[in-house]
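>>> How does the following fold in three dimensions:
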Amino acid sequence: MTSSETNRAASLRSALLDIFLAESIGDCYVNDAVSWMLRLDNRQIAPVLKLVRLVALSVSEILAYSLMENAASALEILTEDQLEEWATEALNIYEQSGLVAAREFLCNVKETGLRFCGRDQVAVFRNSARTLRLLSTGISGRSLQFRHGELPWTDTRTVFGPRTCSIFGSAGDNHLFYRVMLVHKCAQIRYHSFLLPLSSLEETFPGL
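Modelled structure (predicted):
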């Protein structure tokens, strides 16, 4: 660390100890929080600390730590005003569904922050899951589970898909992508393509 970075870290540590009761947290937690805050630009630190103070003193210190941990990632896609809206939504979730749900919201900023930054064309896999579940039941007569995965695939019980889809120019078209993906996976399950021996695939598709 340069002397400037050392001074910046010391100032952050002092500011955080002013927010959190020193006797209630260990050094390791303060050090983690400082490292998270050091990812921010100088101009971003004050607005984030303002939100952290609000959350820590009025709601939950643990939730405030989650906010700090994810603030830098959030500010990659959100403005400072949008960050405040996003954090406020986390507080609403805390009141309605508890700490675990609120922390999950903050940790999934690449998904949960989309509707606060005007990217209305993005479809979110979780939001599509209910209609996809109905569609899978109608097609295959069975209810499939849905989980996040880097690529679309299925183990015949669960369909995995990317958290968000922004391939096309509208949310409707991107949601349609999820539907097409599901139909394809249901077809794989229906026709037992996972049970085909490799030799038969090689005969069907030479050069595979």
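>>> What helices and strands are in contact with the longest helix along the chain?
For the chain, the helix reaching the highest residue count under DSSP state H is reported as helix 171-190. For helix 171-190, the elements it packs on are strand 123-124, helix 125-140, strand 153-154, strand 158-161, strand 164-165, judged by 3 or more Cβ pairs under 8 Å, 6 or more residues apart in numbering; DSSP states H and E. Yep, even glycine has a C-beta here, placed from its N, CA and C like the rest.
>>> Go ahead and name everything in contact with the first one.
By that I understand strand 123-124. For strand 123-124, the surrounding residues in contact (Cβ atoms under 8 Å, 6 or more residues apart in numbering) are Glu111, Leu114, Arg163, Thr164, Cys165, Ser166, Ala171, Asn174, His175, Phe177, Tyr178.
>>> Recalculate using a threshold of 6 Å.
With Cβ atoms under 6 Å, 6 or more residues apart in numbering as the contact definition, strand 123-124 has outside contacts at Glu111, Thr164, Cys165, Ala171, Asn174, His175.
>>> which of these tops the neighbour count?
The residue in the contacts of strand 123-124 with the most neighbours, by other Cβ atoms under 10 Å, is Cys165 (22 neighbours).
>>> Can you give me the distance of the closest residue to it other than its chain neighbours to Val100?
By the measure of Cβ to Cβ, 6 or more residues apart in numbering, the closest residue to Cys165 outside its immediate chain neighbours is Asn174, 4.2 Å from it. From Asn174 across to Val100, the span is 28 Å (Cβ to Cβ, to the nearest Å).
>>> swap in His184?
Note on His184: its distance to Val100, by Cβ to Cβ, is 33 Å.
>>> Please say which of these two ends up with more neighbours.
Counted by other Cβ under 10 Å, His184 and Val100 do not tie: His184 has more neighbours, with 13 against 10.
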